[in-house]
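Chemist: okay, predicted coordinates and the sequence, questions at the end:
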Amino acid sequence: MPFIDATALTDYAHTILVRSGMEEDKAAATAEILVEGDMIGHDTHGVSLISWYVDALADGTLNGKGSYDVLVDKGSTFVWDGNLLPGAWLFLKALDQAMDRVADHGVVSVALRNCHHTCALSAYLRRVTERGYIAQISCSNPAAARVAPYGGRVPLLTPNPIAMGFPTKSDPVLVDVSSSITTTTMTQTLAKKGERFPEPWALTAEGEPTDDPAQVTDHGGTLMSLGGALKGHKGFGLALMVDLLGQGLSGKGRADTPPGGLTQNAFLQVIDPNAFMGLEAFAEQSEFTANACRTNPPAKGNDGPVRVPGDSAARKRRAALDRGVALSDDLWAKLGRVSDKTGIARPAPLV
């Protein structure tokens, strides 16, 4: 397993994307978020996606040039059409604008539509929490169907992830969950390898629980909502929230988006604690609660201390910055094929 300097890996991803037709600023944003995903442990949404992005730039399903259209701007709220530009670039632009405005408004909310792939949502959160703000992000793809509504068996929704980041006096609390038990990317990865889910996380086309991801990718099955066969109404409710925030507020969604392809919608929100009782008061509470969770006695079968969402990401990120980003042998070989295709040499592994 090679370890690659984070800066060198980011430069490598950036160069490949530019060489493949993406504008400099968009390539820089995308490379940054892909490598951040790898550093915090979301390797299915890291640099492994580069080959897909290169192909998407070539076939035109990913737009590497141009800008978004401003559809609404009322100061504390704005709506953009992303014109199938890179999701990472659109999200970073939107979050930066929201942070620039939030001191005046207290809360700034953004609806985006027509974005290309948006990467791992938690990869954006630290950018906001480091400035003392709270971030909320959710997204869906109205052109795709992978998850049936609870009680149904025909795919209608997508995994619809929700992420929130909260500043503390130490590492931020970073929550990033899908509304389904697992994600589309993980399902496709396991199906391609001929592997199984660890438990029945899906339904066959007939509505029977299954641990076979190929039933979803190849046979018309559906991913289960978070909560599974018994409590999936909870994940279904979350998925509806995500759909309606990103699609309803942007004015475009399942009602008027033809099926097929990738065109993601998102809702982003930045909250300034200083518009309420202040950052110091917020951090006092968030730090206390996070540490109270960490010091809770471990349950039987749990060998380590209780972890708060974001703890693992912070630990992995520090390790990646210190000794390099760990890439699997399979991914390293995959990047070798991308290098052969683009003529961009892979960065040298650290000794």
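Modeler: Now that the structure is in, tell me what you want to look at. Numbering: from 1, shown residues only.
Chemist: going by C-alpha atoms from here, please, whenever you check contacts or count neighbours.
Modeler: Fine.
Chemist: so where do the helices sit in the stretch 201-350 of the chain?
Modeler: Counting by DSSP state H, counting those that start in this stretch, residue ranges of the helices within the stretch 201-350 of the chain are 214-217, 228-243, 279-294, 311-323, 329-342.
Chemist: adding distance to P149, mean pLDDT and mean neighbour count, write these out as TSV.
Modeler: Below are these laid out as TSV (distance: least, CA to CA, whole Å; pLDDT from 0 to 100; neighbours: other CA atoms under 10 Å):
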stretch	distance to P149	mean pLDDT	mean neighbour count
helix 214-217	15	95	21
helix 228-243	6	97	19
helix 279-294	33	98	16
helix 311-323	31	97	17
helix 329-342	34	94	15
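Chemist: do you know which of those helices lies nearest R131?
Modeler: In terms of CA to CA, the element of the helices of the stretch 201-350 of the chain nearest to R131 is helix 279-294, at 10.2 Å.
Chemist: contacting residues around the closest one?
Modeler: Around helix 279-294, the neighbours that count as contacts under CA atoms under 8 Å, 6 or more residues apart in numbering are 132, 166-170, 173, 272-273, 305-308.
Chemist: quick check: angle from that helix to helix 311-323?
Modeler: Between the axes of helix 279-294 and helix 311-323, defined by axes from the mean of the first three to the mean of the last three CA atoms, to 10 degrees, the angle is 100 degrees.
Chemist: what comes up buried for stretch 2-21?
Modeler: Within stretch 2-21, the residues that qualify as buried are 3-6, 8-20, counting by 16 or more other CA atoms under 10 Å.
Chemist: how about the CA coordinates for that stretch, as CSV?
Modeler: Provided in CSV are the C-alpha atoms of stretch 2-21 (Å, rounded to 0.1, in the frame of the first residue of the first chain):
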residue,chain,number,x,y,z
PRO,A,2,1.7,3.2,-1.1
PHE,A,3,1.6,6.4,0.9
ILE,A,4,1.5,9.6,-1.2
ASP,A,5,2.2,13.2,0.0
ALA,A,6,-1.1,15.0,0.1
THR,A,7,0.1,18.0,-1.8
ALA,A,8,1.7,15.9,-4.5
LEU,A,9,-1.5,13.8,-4.8
THR,A,10,-3.6,17.0,-5.1
ASP,A,11,-1.3,18.4,-7.7
TYR,A,12,-1.5,15.1,-9.6
ALA,A,13,-5.3,15.1,-9.6
HIS,A,14,-5.4,18.7,-10.6
THR,A,15,-3.0,18.2,-13.5
ILE,A,16,-5.0,15.2,-14.9
LEU,A,17,-8.3,17.1,-14.7
VAL,A,18,-6.8,20.2,-16.5
ARG,A,19,-5.2,18.0,-19.1
SER,A,20,-8.6,16.4,-19.6
GLY,A,21,-10.4,19.7,-20.3
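Chemist: please renumber the chain so that the first residue is 46 from this point on.
Modeler: Sure, I'll start counting at 46 from here, so that last one is stretch 47-66.
Chemist: now do that stretch: distance to the chain's middle.
Modeler: Distance, stretch centre to chain centre, for stretch 47-66: 19 Å (CA atoms, centre = their mean, to the nearest Å).
Chemist: kindly report the same for stretch 197-205.
Modeler: Relative to where its chain is centred, stretch 197-205 has its mean C-alpha point 18 Å off (CA atoms, centre = their mean).
Chemist: still on that earlier bit, redo the helices of the stretch 246-395 of the chain as TSV? Include distance to V147.
Modeler: Shown next, in TSV, are the helices of the stretch 246-395 of the chain (distance: least, CA to CA, whole Å):
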stretch	distance to V147
helix 259-262	42
helix 273-288	22
helix 324-339	13
helix 356-368	26
helix 374-387	40
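Chemist: which among those is found nearest to L129?
Modeler: Evaluated with CA to CA, the helices of the stretch 246-395 of the chain place helix 273-288 nearest to L129, the distance being 18.2 Å.
Chemist: what lies in contact with the closest one?
Modeler: Contacts to helix 273-288, defined as CA under 8 Å, 6+ apart, come from residues 183-185, 187, 194-195, 202-207, 224-226, 246, 254, 269-272, 298, 311-312.
Chemist: same question for stretch 388-395.
Modeler: Under the contact criterion CA under 8 Å, 6+ apart, stretch 388-395 has outside partners 47-50, 53-54, 57, 60-61, 368-369, 380-381, 384.
Chemist: return the member of these nearest to S96.
Modeler: Taking CA to CA as the measure, L380 is the one of the contacts of stretch 388-395 closest to S96, at 7.8 Å.
Chemist: where's that closest one relative to G109, distance?
Modeler: Distance check for L380 against G109: by CA to CA, to the nearest Å, it reads 20 Å.
Chemist: please apply the same query to A148.
Modeler: As defined by CA to CA, A148 lies at a distance of 32 Å from G109.
Chemist: what's the answer for L290, then?
Modeler: Taking CA to CA, one finds L290 at 26 Å from G109.
Chemist: neighbour count for these two, which is higher?
Modeler: Between L290 and G109, G109 has the larger neighbour count (other CA atoms under 10 Å), namely 26 against 21.
Chemist: ok, the more buried one touching L130?
Modeler: Yes. Taking contacts as CA atoms under 8 Å, G109 lies within contact range of L130: 5.9 Å.
Chemist: pull the number of nearby residues for N205.
Modeler: 26.
Chemist: what secondary structure does it sit in?
Modeler: Per DSSP: H, G, I helix; E, B strand; the rest coil, the secondary structure class of N205 is coil.
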